[in-house]
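*Asks:* Structure for this input, please:
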Amino acid sequence: MLTHNPIEKFDSNKIQTEFEKPKEFNLSKTPLLRTANTRLEEATKQPKIKKIMGEVWQYNELHIHFADTGVGKSIFAMALANAISKGENFMHFENENPPLPVLYYDFELSDIQLLKRYSNDNGNIYQFSPLLYIDNIDFAELISSNPNAKFIDLLFSKIRADIKETDAKVIVIDNSTYLNTQSTQDTQIALEVMRELNNLKKEFGISILVLSHTPKRNISTPISLNDLAGSKHLSNFADSVSSIGRCAHDKNIRYFKQVKPSRSGELIYDTENVITCKIVKNDTFLTFEFIDFTNEYEHLKQPSENERVERKREQTELAKKLKSEGKSYKQISLELFGKETSKSSVHELLRK
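*Replies:* Residues are numbered from 1 along each chain as shown. Down below sits the predicted model:
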């Protein structure tokens, strides 16, 4: 005969002693959760997302543009910044904005080198818009005046002051690689720079273009995110990414490609539809000129049989790695082949 109840009485006090009570925070100023319908209704009252660079780069986005040394990414960025400051389109890219103040940080050229690019042999100088500010930052003076400050804090304190002084709506960083070399103490400086740039974008509601180098790449393969140094981390902070490649058959020809499409735009300039262009000097102005739309493979070097075998091996390893990270076939296709329509090729690689 049972002399006790086999089901113990639930003791909440006992449970609380065994598990740590969750910490409580002051959430009184946190906005109430919105329903889907409320979000959509509020979105109708917000400003339209405007194109700065066609479908490639939208207003209030952080865009990374990368290329190998000597390809012309600074020339491309200056021509684009000039168009934005005048409210004009650039090459084949639509700009839906009025003239905007642009703050261009140039860490590449000296004043004399800049003059050579934007003047002619007769001494005539190109007249930029007064809304285009282009200069560099004297890091030595900045650090000397603030010897105990952290580099990243100094840098963004300066940029914030410049934004307020110029009322800049667009910022160009030329280039991120230079900023990354300013600190020998912090190996995460590149990620910190990108994180802080994103904070600036949200704080001031501005658009940001970051130029970056790429290591020497195999010119027989399409450009992909893997060609951007630190791609996995840097591209995570970017709303969109593009690149310029050099034609393997004509040293004067370049081609433009979308590598990571904007969530607000479309993937138009992929491997099957890159923009073929060239660098030209129009009297006093060095710029890019549109030629045609072509397939990226027309610009690539034809690989040898050994190179094809090695490339297939590398693609197989990378495809499996990306799959293990939870990437979809569409995402793997974009990273490997520069387009979202090669899912069958991804499937074949993963079967090996």
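
*Asks:* Show me what counts as buried in the host helix or strand of Lys312.
*Replies:* Applying DSSP states H and E as the criterion places Lys312 in helix 305-324. Residues 315-316, 318-319, 322-323 are the ones in helix 305-324 that count as buried (16 or more other CB atoms under 10 Å). Using the backbone N, CA and C atoms, a C-beta is placed for each residue, glycine as well.

*Asks:* Please save the CA atoms from it in PDB.
*Replies:* Output in PDB follows, covering the C-alpha atoms of helix 305-324 (Å, rounded to 0.1, in the frame of the first residue of the first chain):
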ATOM      1  CA  GLU A 305      44.200  22.300 -69.400                       C
ATOM      2  CA  ASN A 306      46.200  22.200 -66.100                       C
ATOM      3  CA  GLU A 307      44.600  25.600 -65.100                       C
ATOM      4  CA  ARG A 308      41.200  24.300 -65.900                       C
ATOM      5  CA  VAL A 309      41.700  21.200 -63.800                       C
ATOM      6  CA  GLU A 310      43.100  23.200 -60.900                       C
ATOM      7  CA  ARG A 311      40.200  25.800 -61.100                       C
ATOM      8  CA  LYS A 312      37.700  23.000 -61.000                       C
ATOM      9  CA  ARG A 313      39.400  21.500 -57.900                       C
ATOM     10  CA  GLU A 314      39.400  24.900 -56.200                       C
ATOM     11  CA  GLN A 315      35.700  25.500 -57.100                       C
ATOM     12  CA  THR A 316      34.700  22.100 -55.700                       C
ATOM     13  CA  GLU A 317      36.500  22.800 -52.400                       C
ATOM     14  CA  LEU A 318      35.000  26.300 -52.100                       C
ATOM     15  CA  ALA A 319      31.500  25.100 -53.100                       C
ATOM     16  CA  LYS A 320      31.600  22.400 -50.300                       C
ATOM     17  CA  LYS A 321      32.900  25.000 -47.800                       C
ATOM     18  CA  LEU A 322      30.100  27.500 -48.700                       C
ATOM     19  CA  LYS A 323      27.500  24.700 -48.500                       C
ATOM     20  CA  SER A 324      28.800  23.800 -45.000                       C
END
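
*Asks:* What helices and strands are in contact with it?
*Replies:* helix 329-337, helix 343-351 (3 or more CB pairs under 8 Å, 6 or more residues apart in numbering; DSSP states H and E).

*Asks:* And for the last one, what's in contact with it?
*Replies:* Helix 343-351 is contacted from outside by 312, 315-316, 319-320, 323, 329-330, 332-333, 336-337, using CB atoms under 8 Å, 6 or more residues apart in numbering.

*Asks:* That helix: how far from the chain's middle?
*Replies:* Distance of helix 343-351 from its chain centroid, counting by CA atoms, centre = their mean, to the nearest Å, is 28 Å.
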